[in-house]
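>>> Sequence unavailable; structure follows:
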């Protein structure tokens, strides 16, 4: 019996490749105004996802369009809850109008990385999601504080791994500011994706084996090569009898 894995991508962020990528993924993280996106881009992305049967996730961030949500902000808990709630409800309003539901939440950029290692921030985020809708799943870095917070809050955790990012020995990602943080070689990234699915692990930045149990793999959709890489990955998955589907939806009964 072959393996099954979810493929997700961040779309609705103003790049030109969304329509080409959407048929190749099984879940989409929709920018909802914090770092990118507006009502028009949300509606366009939601319609694309609905057409291709792709699960929809909210992709909230720190309110920082200038830096694309990639800079940590020291916001008060009250203000952070306010901005997250605003972004989630903005996407939810579009989904209601389009007759489809949000299945999960995946934080973006610096918020994602901060919540992965800060238990207090992870709890605030998980509690905010639960207050809005306890049936929403929470996607985050496999083995991180965010996954523990999701379980404590009673949310479905969706453990994520990255096909084109280098890993440290502790399971965190090598920061983008450092050399070799991103696998630009497509063969290396495809090989890492297959290892994550079939061997449930990756080689860390020093070559040591690192166990990683992930339910979803992230493809980056912000480069001109994204579509070609996604096609190459799907072809290799097909050759290895790896099926692409958001199997965690079936697990938590949100489909």
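It's in. Note that the coordinates shown come from a computational prediction; the quantities given were computed from them, not determined experimentally. Residues are numbered from 1 along each chain as shown.
>>> rest of the way, CA atoms for contacts and neighbours
OK.
>>> Check what pLDDT residue 253 gets.
Taken from the predicted model, the pLDDT recorded for residue 253 is 40.
>>> and what of residue 9?
Per-residue confidence (pLDDT) for residue 9: 95.
>>> did I read that right, it in a strand?
Yes - the assignment for residue 9 (DSSP: H, G, I helix; E, B strand; the rest coil) places it in a strand.
>>> quick thing: my sequence starts at 878, can you match it?
All right, first residue 878 from here; so that's residue 886.
>>> From residue 1074, how far off is it?
When CA to CA, to the nearest Å is the yardstick, residue 886 and residue 1074 sit 17 Å from each other.
>>> Report how many residues lie close to residue 1055.
Neighbouring residues of residue 1055 were enumerated by other CA atoms under 10 Å; the total is 8.
>>> helix, strand or coil for it?
Using three-state DSSP, the secondary structure recorded for residue 1055 is coil.
>>> How about the contacts made by residue 989?
Remark: with contacts taken as CA atoms under 8 Å, 6 or more residues apart in numbering, residue 989 is in contact with 938, 983, 1017.
>>> Quick one: classify the first one as helix, strand or coil.
I take that to be residue 938. Classification of residue 938 by three-state DSSP places it in coil.
>>> Likewise for the last one?
With three-state DSSP as the basis, residue 1017 sits in strand.
>>> quick one on the thing from earlier: with pLDDT, distance to residue 904 and neighbour count added, can I get the contacts of residue 989 in JSON lines?
Output for the contacts of residue 989, formatted as JSON lines (pLDDT from 0 to 100; distance: CA to CA, whole Å; neighbours: other CA atoms under 10 Å):
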{"residue": "938", "pLDDT": "97", "distance to residue 904": "18", "neighbour count": "28"}
{"residue": "983", "pLDDT": "98", "distance to residue 904": "11", "neighbour count": "24"}
{"residue": "1017", "pLDDT": "97", "distance to residue 904": "14", "neighbour count": "28"}
